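1. Need a 3D model of the sequence below.
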Amino acid sequence: MEKIRVGVIGVGYLGRFHAQKYAALPEAELVGVVDLDPQRAAAVAQECHTRAFTDYRELLPQVDAVSVAVPTTRHYEVVRTCLEHGLDVLAEKPLATTVPEAEELVTLARQLGRILQVGHLERFNPAMEELSRRVQDPRFIEIHRLAFFKERGTDVDVVRDLMIHDLDLILALVPSPVQEIRAAGVAVLTDSVDLANARLEFANGCIANLTASRISLKSLRKFRLFQPHAYLAVDFEARELTIVEQTGEPGGVLPGIHLEVKRFPPADPLLKEIAAFLEAVRTRREPVVSGEAGKEALALALAITAAMRHASLR
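-> Numbers count the residues shown, from 1 in each chain. All right, here's what the predicted structure looks like:
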């Protein structure tokens, strides 16, 4: 199998990991890495046994596909340029700064026949993959995503930094449009919202309640879903999926109830995400997290931010 020539544009915290994964995958040839900081580009290039660039345009003629992990404000410019050069693109989330920008990128990729995948990593978490296979008719979802403060990602608010992962998951699980949004948020350590809560009501009656914080004193990532006769919960930290289902059968700890806790070994969702991207590039099939899905998650994140601003003006 011929190797896919790849590059990574932006090798800060996340981009460095992208470069490492490409370097480790036999189906990829990591041609080069790019960063405006020449020392950082050189260090990652040396680590991954490839070439360093400071201008991403110099890399484009030498590759078939790229990961884009530059700051969010540059996503539109860089992704658009890569697509126009005929490249397939894996863009870190959020896809763009605005919905019109994201829509333009999705349309451009479609017109040019290019793969556009968005880096919503939780889709590749084994516990979440198993939960998704068991979902039938979600009626209530509750999610907590609390993280320690880190400087990275603060170019956007916590909704686009952290909550957007869960918005993508919810949109993939609930086949119904969002009808109502109630949200509140507060800026604590940065100039944008660091702690946010959102309540979403879907047209089919499903309710989702999400809390995201990047100023927590502890790390907590839990996803709970209720549907008729079943409760499903993922504890991302413990790598556990809890399933409680009504069976109607006698016996067990609780008569008529089946309780199961599935534990998963340590996994590498980023490696799976990048392998899935390379597979989409090779087969020309729709990626697991398409540009359209990334656009929808961004649109909902921005709608939540708008709802927070509206609530603060009351």
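
2. can you pull out the helices in the protein?
-> 13-24, 38-48, 56-59, 75-84, 99-112, 126-134, 158, 164-173, 269-283, 291-312 (DSSP state H).

3. mind checking which of these is nearest Ala184?
-> When the helices of the chain are compared by Cβ to Cβ, helix 291-312 sits nearest Ala184, at 5.7 Å. Every C-beta, even on glycine, is put in place using the N, C-alpha and C of the backbone.

4. surely Asn204 meets Val178?
-> No. Judged on Cβ atoms under 8 Å, Asn204 makes no contact with Val178 at a distance of 10.5 Å.

5. out of the two, which sits in the more crowded spot?
-> With neighbours defined as other Cβ atoms under 10 Å, Asn204 and Val178 compare such that Val178 has more, 20 against 13.

6. neighbours of Met1, just the number please.
-> 6.

7. List the contacts of it.
-> Glu27, Arg282 (Cβ atoms under 8 Å, 6 or more residues apart in numbering).

8. ditto for Thr54
-> Contacts of Thr54 by Cβ under 8 Å, 6+ apart are Val34, Asp35, Leu36, Asp37, Pro38, Ala41.

9. If you rank the residues you listed by neighbours, which is first?
-> Val34 (29 neighbours).

10. give me the beta-bridge partners of that one?
-> Ile9, Phe53 (DSSP bridges).

11. separation between it and Leu270?
-> 19 Å (Cβ to Cβ, to the nearest Å).

12. Spatially central, which residue of this protein would that be?
-> The centroid of the chain falls nearest to His120 when counting by Cα atoms, centre = their mean (1.6 Å).

13. excluding its backbone neighbours, what's nearest that one?
-> Asp168 (4.2 Å; Cβ to Cβ, 6 or more residues apart in numbering).

14. Isn't that neighbour up against Ala297?
-> Yes. Asp168 is in contact with Ala297 according to Cβ under 8 Å; the separation is 4.2 Å.

15. Between these two, which contacts overlap?
-> Lys93, His120.

16. Tyr22 contacts Leu30, doesn't it?
-> Yes. With contact defined as Cβ under 8 Å, Tyr22 reaches Leu30; the gap is 4.5 Å.

17. of these two, who's got more company?
-> Tyr22 (29 against 24).

18. and the gap between the more buried one and Ser219?
-> 28 Å.

19. Same check on Arg239?
-> 13 Å.

20. now Phe264
-> 18 Å.

21. Contacts made by stretch 162-170 with the rest, please.
-> Applying Cβ under 8 Å, 6+ apart, the set of residues contacting stretch 162-170 is 93-94, 120-123, 128, 141, 143, 145, 147, 153, 196, 198, 200, 208, 210, 212-214, 223, 289, 293-294, 297-298, 300-301, 304.

22. which of the residues in it are buried?
-> Neighbour counts over stretch 162-170 (16 or more other Cβ atoms under 10 Å) mark Leu162, Met163, Ile164, His165, Asp166, Leu167, Asp168, Leu169, Ile170 as buried.

23. show me where the stretch 101-250 of the chain has strands.
-> Ranges of strands within the stretch 101-250 of the chain are 116-119, 140-146, 178-186, 195-202, 207-213, 220-227, 230-235, 240-246, based on DSSP state E, counting those that start in this stretch.

24. from the ones you listed, which stretch is densest packed?
-> strand 116-119 (a mean of 28; mean count of other Cβ atoms under 10 Å).

25. contacts for that one?
-> 14, 67, 69, 79, 83, 88-95, 105-106, 109, 273, 276-277, 280, 287-291, 293-294, 297.

26. All set, thanks.
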